[in-house]
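Asks: Need coordinates for the following:
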Amino acid sequence: MKAEYINPFLESARIVIEQMINIRPTTGQLGIKDIKFVEKYIWIQIGITGQMQGDIVFGLHEVVALKLVSAMMGGFVLTEMDEMGHSAISELGNMISGNASTMLYNQGVRVDITPPKVVQSVTAAGFIPKKALTIPLIIEGIGELDIQVIMT
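Replies: Numbering: from 1, shown residues only. Modelled structure (predicted):
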């Protein structure tokens with residue numbers, strides 16, 4: 001796995017989050033780890049096709065998701081991840097991935113993305129644990145958003 005695979009997603013996430021909630025995230029430590037679905041987490045899974053094949057998975061604790069969606073909605077406080085919350089967090093993943101695919105295209109890598117799939121449980125994911133290139137984004141006052149790239 002190459003670190004270059006994650007860079008467009010990382011940069012796109014920084015830009016989109018800053019535009020949406022006016023906070024510039026910082027980055028944690030880049031690493032390779034096993035993806036394991038953890039309870040009380042929300043996962044946004046987006047498929048990548050074309051010259052790169054795999055998935056981009058954004059993971060965040062439910063509490064972080066509530067804070068992030070509340071900030072995206074101008075401070076309207078969400079107390080549970082309802083349909084509106086899922087829609088907002090799904091759209092965030094879609095915007096990050098769409099911008100990243102444009103960045104990749106500008107680098108000569110043609111990719112398409114699938115619609116986002118929000119997953120809240122291990123069994124619903126239908127996901128086999130595998131290794132991913134991963135980096136956390138730290139959003140001040142909100143928490144961490146893990147960006148995980150799985151290339152097949």
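Asks: OK, contacts around Val63?
Replies: Residues near Val63 by Cβ atoms under 8 Å, 6 or more residues apart in numbering: Gly143. All C-beta spots, glycine's among them, are computed from the backbone N, C-alpha and C.
Asks: Name the secondary structure element that contains it.
Replies: For Val63, the host element (DSSP states H and E) is helix 62-72.
Asks: Tell me which residues of that helix come out buried.
Replies: For helix 62-72, the neighbour count (16 or more other Cβ atoms under 10 Å) marks Val64, Ala65, Leu66, Lys67, Leu68, Val69, Ser70, Ala71, Met72 as buried.
Asks: Contacts only, for the last one.
Replies: This points to Met72. Shown in contact with Met72 (Cβ under 8 Å, 6+ apart): Met20, Ile21, Ala88, Leu92.
Asks: give me the number of residues near Met151?
Replies: Residues near Met151, counting by other Cβ atoms under 10 Å, number 16.
Asks: tilt between whichever helix or strand comes after the helix holding Val63 and helix 62-72?
Replies: Later in the chain than helix 62-72, the nearest helix or strand by DSSP H and E is helix 83-106. Taking axes from the mean of the first three to the mean of the last three Cα atoms, to 10 degrees, one finds that helix 83-106 is oriented at 80 degrees with respect to helix 62-72.
Asks: what sits up against helix 83-106?
Replies: Contact partners of helix 83-106, identified using Cβ under 8 Å, 6+ apart, comprise 8-9, 11-13, 15-17, 20, 42, 44, 46, 48, 52, 56, 58, 60, 65-66, 68-69, 72-73, 78, 81, 110-113, 115-116, 118.
Asks: Does the spatially most central residue of the chain belong to a helix, a strand or coil?
Replies: Nearest to the geometric centre of the chain sits Phe58, at 2.6 Å (Cα atoms, centre = their mean). Classification of Phe58 by DSSP: H, G, I helix; E, B strand; the rest coil places it in strand.
Asks: beta partners of it?
Replies: Counting by DSSP bridges, Phe58 is bridged to Ile44, Ile147.
Asks: Enumerate every residue touching it.
Replies: With Cβ under 8 Å, 6+ apart, Phe58 has these contacts: Ala13, Trp43, Ile44, Ile46, Leu92, Gly93, Ile96, Leu145, Asp146, Ile147, Gln148.
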